[in-house]
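Engineer: Here is my input; please provide its structure:
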Amino acid sequence: MFSHIMLGSNDIARSKAFYDATLGVIGCTPAEPDAKGRLVYAHSGGRLIITKPLNGEPATGANGGTVGFAMSSPEQVDAWHKAGVENGGKAIENPPGIRHTGMGVLYLAYLRDPDGNKLCAVHRVG
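Structural biologist: Next comes the predicted model:
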């Protein structure tokens, strides 16, 4: 359904440290800025692009928006969360753990990246 997700950043170097660490947990290689200064992360057929806004305005987190990353285990969710907090992210909502939802039992963790974008790590339990 999705070709890519693009998020704005006010500090590409800071975002690189954060996303290299959190996406490294799932086996994604670190990104190098392209000719336009954007970071492009590619993994398992998906692409995440981090860029300064093209309109020159400051990047802000989407109100009500969340980007979810699929994880292979609760331990990977925990490692993602830890890497994010250690690299400029902010833990939000409840601590990582089990949630009983309309989509089944999920092990979730939430972070805000250094620019305020809301991120979620998701492992579907059994």
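Engineer: Average pLDDT for the host helix or strand of Met6, rounded please.
Structural biologist: According to DSSP states H and E, Met6 maps onto strand 5-8. In this model, strand 5-8 has a mean pLDDT of 95.
Engineer: Of all the residues in it, which ones are buried?
Structural biologist: By 16 or more other C-beta atoms under 10 Å, the buried positions in strand 5-8 come out as 7-8. All C-beta spots, glycine's among them, are computed from the backbone N, C-alpha and C.
Engineer: Give me the residues contacting the following helix or strand past that strand.
Structural biologist: For strand 5-8, the following helix or strand on the C-terminal side (DSSP H and E) is helix 12-24. For helix 12-24, the external contacting residues (C-beta atoms under 8 Å, 6 or more residues apart in numbering) are 9, 30-31, 33, 37-39, 41, 43, 48, 50-52, 69, 80, 83-84, 86-89, 111, 113-115, 119.
Engineer: picking up where we left off before, direction included, what does the strand holding Met6 pair against?
Structural biologist: Sheet partners assigned to strand 5-8 using DSSP bridges are listed as strand 46-51 (parallel).
Engineer: and for the strand holding Met6, what are the contacting residues?
Structural biologist: 46-53, 59-60, 67, 113, 115, 117.
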